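Novice: Sequence and predicted model, in that order:
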Amino acid sequence: MIISIENLHKTYEMGAFQVHALRGVNLEIEKGEYVAIMGPSGSGKSTLMHILGCLDRPTKGSYNLNGSLVETLDDEELSRTRNREIGFVFQSFNLLPAMTVQQNTELPMIYANSKPSERSSRANKVLELVGLSDRVRHLPNELSGGQRQRVAIARALVNDPAILLADEPTGNLDSKTGVEILALFQELNERGRTILLVTHEREVAENANRIIHIKDGVVNEIEVLREPLRVGMKAEG
């Protein structure tokens, strides 16, 4: 089990009021699964995504991420776990405009204090995987939207994380490019990568093995669309 969540709560203090964003979420995700999280605005899916990505802490409950109890980690340990275990792909790409494709891809390895030679080798490998080995010296503004998202995916993969966490990854792309990016996610999943995708689009969610529906801070439905891959070895790429 790569993710196990039990009775997860998140409460925000808003002056004299409390907002209960999550109200006891229980969820398990196996290694090698491709899971989509869906829910209307205000459902709690964004809060859940932030906690799953170690960007926020639960108010109550247990979150086991690949053998680590997240709620017991201090800030430094949480940061290390986030950099090691989670690869993020955002709707807005979040690339640094003054850095080349290669430099953007290497960033997580810099934070992990990897050696320059290792950074270069690993970045080249993942850029080849996403089909951008001929764009390593380009700047983000010299790329199409789809190419920028591929750079973001390469950057998310470069530390070989346990989970690829994608937040509306096709939201800023035209439909044709969005299909290409979803095909890349499918390929990565077939190579053994665990993918967790947050979306409000049913058509996007249907690429996953399961759809977790969040409403009013709880899981109110789980759809099983197809059996996940069974992974017995470290993911490629």
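Specialist: Here it is on my side, so go on.
Novice: can you give me how far the longest helix seen in the chain is from the chain middle?
Specialist: Of all segments of type helix in the chain, defined using DSSP state H, the longest is helix 175-190. Distance of helix 175-190 from its chain centroid, counting by C-alpha atoms, centre = their mean, to the nearest Å, is 14 Å.
Novice: Next: stretch 185-195.
Specialist: With C-alpha atoms, centre = their mean as the basis, stretch 185-195 stands 12 Å off its chain's centre.
Novice: How about residues contacting the one helix or strand residue 9 maps to?
Specialist: Following DSSP states H and E, one finds residue 9 within strand 3-14. With contact meaning C-beta atoms under 8 Å, 6 or more residues apart in numbering, strand 3-14 is reached by 18-29, 44, 47-48, 51-52, 56, 58-66, 163, 196, 217. To be clear about C-beta, it is placed using only N, CA and C from the backbone, and glycine gets the same treatment.
Novice: can you rerun that using 7 Å?
Specialist: The contact list for strand 3-14 (C-beta atoms under 7 Å, 6 or more residues apart in numbering) reads 18-29, 47, 51-52, 58-65.
Novice: quick one on the thing from earlier: which other helices and strands does the longest helix of the chain contact?
Specialist: On a contact count with 3 or more C-beta pairs under 7 Å, 6 or more residues apart in numbering; DSSP states H and E, helix 175-190 meets helix 145-157, strand 194-198.
Novice: Residue 36: which of these is closest?
Specialist: strand 194-198 (4.8 Å; C-beta to C-beta).
Novice: Can you list the buried residues in the closest one?
Specialist: By neighbour count on 16 or more other C-beta atoms under 10 Å, the buried set for strand 194-198 is 194-198.
Novice: circling back to that earlier point, with distance to residue 74 and mean pLDDT as added columns, please give the helices and strands packed on helix 175-190 in JSON lines.
Specialist: Shown next, in JSON lines, are those (distance: least, C-beta to C-beta, whole Å; pLDDT from 0 to 100):
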{"stretch": "helix 145-157", "distance to residue 74": "25", "mean pLDDT": "95"}
{"stretch": "strand 194-198", "distance to residue 74": "24", "mean pLDDT": "95"}
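Novice: Indicate which one of these is closest to residue 1.
Specialist: So among those, strand 194-198 is nearest, using C-beta to C-beta, at 10.9 Å.
Novice: Give the pairing partners of the closest one; include direction for each.
Specialist: When sheet partners are counted by DSSP bridges, strand 194-198 sits next to strand 34-38 (parallel), strand 163-167 (parallel).
Novice: Any idea which of the ones you listed gets closest to residue 90?
Specialist: Residue 90 sits nearest to strand 163-167 of all the strands paired with strand 194-198, at 5.4 Å, using C-beta to C-beta.
Novice: Can you give me the distance of the residue nearest to residue 194 when sequence neighbours are not counted to residue 198?
Specialist: Closest residue to residue 194 apart from its sequence neighbours, by C-beta to C-beta, 6 or more residues apart in numbering: residue 163 at 4.9 Å. Counting by C-beta to C-beta, to the nearest Å, the gap from residue 163 to residue 198 is 12 Å.
Novice: For stretch 104-124, which outside residues touch it?
Specialist: The contact list for stretch 104-124 (C-beta under 7 Å, 6+ apart) reads 83, 95-96, 102, 126-127, 133, 151, 154-155, 158-159.
Novice: What residues are bridge-paired with the residue nearest the centre of the chain?
Specialist: What sits nearest the mean C-alpha location of the chain, by C-alpha atoms, centre = their mean, is residue 165, with 0.8 Å. Counting by DSSP bridges, residue 165 is bridged to residue 88, residue 196.
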